[in-house]
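[1] okay, here's the prediction I keep looking at, along with the sequence it came from:
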Number of protein chains: 2
Amino acid sequence: MERTEIEQLGEFGLIRRLTKDIKHQQLSTLLGVGDDAAVLDAGDRKVVVSTDMLCEGIHFDLAYMPLKHLGYKAVTVNLSDICAMNALPTQITVSIALSSRFSVEAADELYSGIHKACEVYGVDLIGGDTTSSKAGLVISITALGLVDSESVVSRSGAKTNDLLVVSGELGSAYMGLQVLEREKEVFQAAPTAQPDLSDHTGLLERQLKPEARVDVIKEMADLGLKPTSMIDISDGLASEVLHLCTASRCGVKVFEEKLPIEEHTYETARVFNLDPTLCVLSGGEDYELLFTIDQSDYDKVHNHPKLTIIGHMTEDAKELTLITRNGMHTPLTAQGWDGIVTGQQSEQGI
Amino acid sequence: MERTEIEQLGEFGLIRRLTKDIKHQQLSTLLGVGDDAAVLDAGDRKVVVSTDMLCEGIHFDLAYMPLKHLGYKAVTVNLSDICAMNALPTQITVSIALSSRFSVEAADELYSGIHKACEVYGVDLIGGDTTSSKAGLVISITALGLVDSESVVSRSGAKTNDLLVVSGELGSAYMGLQVLEREKEVFQAAPTAQPDLSDHTGLLERQLKPEARVDVIKEMADLGLKPTSMIDISDGLASEVLHLCTASRCGVKVFEEKLPIEEHTYETARVFNLDPTLCVLSGGEDYELLFTIDQSDYDKVHNHPKLTIIGHMTEDAKELTLITRNGMHTPLTAQGWDGIVTGQQSEQGI
């Protein structure tokens, strides 16, 4: 009997393999697997559905992720997927599996974060499941949203010369994780040492309590700005840019000097011997929105305090280029976190 | 710091505690936590949403549950919840966490059952998540369905003198589990012994490959029959009858002699020294529909090959009564599987 390890395919490879033969039978299925969320036809409005599963030891480490923050984050990362379809999130379902290590009070803590996120985003918790697990904590959340038929934005609508835009700032969530991991090592070496995280509260908040950019979706609607394609940044900017290019059959030019990196993020990366640009390209967990707009919408985005133009789409689908500060053209590749370490080493070599 | 074990509250207690303060903020949320599925307003039709999480070692044992069957069953139990709202299932999302014990081929097997269920029920797989886990297999499925506004049926609409009706037959899935557990013991004692399960294929199929009663929902629509309340039978008949009574503020009389138990189920229960009625009341996993209808609909149900009238609702909400074959009135209580063993012992005592 053949045995292929899942690692050989990777997560995306496994998903492609498991979903490649799907044929839709329902007229109400407008968009299925392969975007940030599915889109269903329910009459005059569209229902957007996204789901995510988080496993202890894989997606979170309770050594530095308080349960309340974990609950909050588990909700917001799903709401971010709904936003990435240009929809507004409306409901969630939450399923959790808990091992006997967890008390009722621990479940309360987790749900206090879930309820807080619902309150902040005006989203209703409408169902779920609570069960025992043999090991650790698993959280599975499905988010639903609503959007007018003509407003749905998928990953596939970008065209040549569209401007590439990102919301907020990038790289700080990844640097927050680095700070937490360093503190965990310090703690393990000397458990009585008190961590001093006060210099990094902004970075930690970005890692522990990311927000979904519902505000950006609403502001774009107010501006009459409809992106031509959109995705949220969960895996690092490079990977998400490539998803847009693949889905839209475009190439891209991204300008390193345009990347919105806050000074504190930049300085902290340097202290950690990391390349700030590689942290942005490969770090992930920013939960900002990455989208393309028609050039005619330039004025709506130019000087917008929450939006930054970082590049533009090109005709040649093979052109996936980062233009560095010194004008070099380098291929934009979706490196995993290993790539950041490589970057660190080459940085040190400079 | 206080610590309450989750076992002290139980699953229902924990869910109540974690969801007691929910206040809906969205106009589109018509029905939230507390029924088989949530109901959302999306215009002319309603969207029904249900979610379930299955954990290895808790909900399934891969020693006797082939992965393909597990995938099939994980889907159908969710579709059953959609049916229980009188809706037709249309889409699912599937999230799985797999430990390194599982190969790509194992994931293929699991998904072959998931795809099979989608094909059989005409349901689209529209999204999901695939991730690693530290231990075992976790499957989380969210099902969506559509229903006309005026056709939604919740648990809370039953009224005095409504007839209590069940689809199909009961207890066979539980007896299938007993057969499998006995064979597992035999196998563990003598691993070279070949199991002889041929006498029990029907019971095993009911346990390993339960179906959602989409057919019953469609036939009731054709008959112009709209239940006044409905639930699906996942935890045993007694528990589900009590859910309908609580939600509808009614009492109930259930007649033991009316319970649809197939002869083979009955005989196998006897061979296993189990009380067939207790297997039905407390066994669970039948995934049949339990519902109430107005007396004026009696003719639509009477002599229907798939439906059996097993009792009626009463005014006194405290009257939760089973009328036994010999005319005794006994309280209908939601016993767990421990109750069946108790029943077994008293049976042996007779």
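    The structure has been received and is ready for your questions. Residues are numbered from 1 along each chain as shown, chains lettered A, B, ... in the order given.

[2] leaving out sequence neighbours, find the closest residue to residue A:143.
    In space, residue A:143 comes closest to residue A:78 once its chain neighbours are excluded; the distance is 3.9 Å by C-beta to C-beta, 6 or more residues apart in numbering or on different chains. C-beta here means a position set from N, CA and C on the backbone, and glycine is covered the same way.

[3] if I look at residue A:277, how far off is residue A:313?
    20 Å (C-beta to C-beta, to the nearest Å).

[4] over to residue A:192?
    54 Å.

[5] neighbour count winner among the two?
    Between residue A:192 and residue A:313, counted using other C-beta atoms under 10 Å in any protein chain shown, the more crowded position is residue A:313 (25 against 5).

[6] residue A:134 sits in which helix or strand?
    Under the assignment given by DSSP states H and E, residue A:134 is not contained in any helix or strand.

[7] got it, and the one 5 residues further on?
    Here residue A:139 sits within strand A:138-148, counting by DSSP H and E.

[8] relative to that strand, what are the paired strands and their orientations?
    Sheet pairing for strand A:138-148, assigned by DSSP bridges, gives strand A:45-55 (antiparallel), strand A:88-98 (antiparallel).

[9] next one: the host helix or strand of the residue nearest to residue A:143 to chain centre, how far?
    For residue A:78, the host element (DSSP H and E) is helix A:67-83. In terms of C-alpha atoms, centre = their mean, to the nearest Å, the centre of helix A:67-83 is found 10 Å from the chain centre.

[10] now do it against strand A:88-98, angle only.
    Orientation of helix A:67-83 against strand A:88-98 (axes from the mean of the first three to the mean of the last three C-alpha atoms, to 10 degrees) gives an angle of 140 degrees.

[11] mean confidence score for helix A:67-83?
    Averaged over helix A:67-83, pLDDT sits at 95.

[12] can you confirm residue A:291 is in a strand?
    Yes. Under DSSP: H, G, I helix; E, B strand; the rest coil, residue A:291 sits within a strand.

[13] surely it meets residue A:230?
    Yes. Taking C-beta atoms under 8 Å as the definition, residue A:291 is a contact partner of residue A:230 at 3.8 Å.

[14] find residues that contact each of those two.
    Any residue near both residue A:291 and residue A:230 by C-beta atoms under 8 Å, 6 or more residues apart in numbering or on different chains counts here, and that gives residue A:153.

[15] where in the stretch 201-350 of chain A is pLDDT low?
    The model of the stretch 201-350 of chain A has pLDDT under 70 over residues A:334-350.

[16] residue boundaries of the helices in it?
    Per DSSP state H, counting those that start in this stretch, the stretch 201-350 of chain A carries helices over the ranges A:201-208, A:214-223, A:237-248, A:263-271, A:276-282, A:298-301, A:337-349.

[17] and of those, who's closest to chain B?
    Closest approach to chain B among the helices of the stretch 201-350 of chain A (C-beta to the nearest C-beta): helix A:214-223, 13.0 Å.

[18] if I look at residue A:168, how far off is chain B?
    Using C-beta to the nearest C-beta, to the nearest Å, residue A:168 is found at 24 Å from chain B.

[19] next, give phi and psi for that residue.
    For residue A:168, the backbone dihedrals are phi 60, psi -150 (criterion: degrees, to the nearest 10).

[20] can you pull the contacts of residue A:76?
    Counting by C-beta under 8 Å, 6+ apart, residue A:76 has contacts A:117, A:121, A:209, A:210, A:211, A:212, A:287.

[21] check the gap between the second one and chain B for me.
    The reference is to residue A:121. Taking C-beta to the nearest C-beta as the measure, residue A:121 and chain B are separated by 9 Å.

[22] what's the neighbour count on that residue?
    What residue A:121 shows, counting by other C-beta under 10 Å, is a neighbour count of 22.

[23] I figured it hits residue A:214, correct?
    Yes. When contacts are counted by C-beta under 8 Å, residue A:121 is listed as touching residue A:214 (6.0 Å).

[24] joint contacts of the two?
    A:79, A:89.

[25] show me what contacts the most centrally placed residue in chain A?
    Centroid-nearest residue in chain A: residue A:234, 1.9 Å away (criterion: C-alpha atoms, centre = their mean). Contact analysis of residue A:234 by C-beta under 8 Å, 6+ apart lists A:77, A:80, A:240, A:284, A:285, A:286, A:287.

[26] just residue A:307 next, same as before
    So residue A:307 contacts A:165, A:166, A:167, A:216, A:301 (C-beta under 8 Å, 6+ apart).

[27] which residues does the first one bridge with?
    Put plainly, it is residue A:165. Assigned bridge partners for residue A:165, using DSSP bridges, are residue A:291, residue A:309.

[28] next, count neighbours for it.
    Residue A:165: 26 neighbours (other C-beta under 10 Å).

[29] state the pLDDT value of it.
    98.

[30] try the one 3 residues further on
    The per-residue pLDDT reported for residue A:168 equals 97.

[31] isn't it right up against residue A:213?
    Yes. Residue A:168 lies in contact with residue A:213 (C-beta under 8 Å); the separation is 7.0 Å.

[32] quick one, which of those two is more surrounded?
    residue A:213 (24 against 20).

[33] quick one: the more buried one and residue A:169 touch, right?
    No. Using C-beta under 8 Å, residue A:213 is not in contact with residue A:169, being 11.9 Å away.

[34] joint contacts of those two?
    Joint contacts of residue A:213 and residue A:169 (C-beta under 8 Å, 6+ apart) are residue A:288.

[35] CA atoms only for stretch A:106-122 - export them in PDB, please.
    Extracted in PDB, the C-alpha atoms of stretch A:106-122 (Å, rounded to 0.1, in the frame of the first residue of the first chain):
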ATOM      1  CA  ALA A 106     -10.600  28.300  30.700                       C
ATOM      2  CA  ALA A 107     -13.500  27.800  28.300                       C
ATOM      3  CA  ASP A 108     -15.000  31.000  29.800                       C
ATOM      4  CA  GLU A 109     -11.800  32.900  29.100                       C
ATOM      5  CA  LEU A 110     -11.700  31.700  25.500                       C
ATOM      6  CA  TYR A 111     -15.300  32.600  24.900                       C
ATOM      7  CA  SER A 112     -14.900  36.000  26.600                       C
ATOM      8  CA  GLY A 113     -12.500  36.800  23.700                       C
ATOM      9  CA  ILE A 114     -15.000  35.400  21.200                       C
ATOM     10  CA  HIS A 115     -17.800  37.400  22.600                       C
ATOM     11  CA  LYS A 116     -15.700  40.500  22.700                       C
ATOM     12  CA  ALA A 117     -14.800  40.200  19.000                       C
ATOM     13  CA  CYS A 118     -18.600  39.700  18.200                       C
ATOM     14  CA  GLU A 119     -19.400  42.800  20.100                       C
ATOM     15  CA  VAL A 120     -16.600  44.900  18.500                       C
ATOM     16  CA  TYR A 121     -17.600  43.800  15.000                       C
ATOM     17  CA  GLY A 122     -21.300  43.600  15.500                       C
END
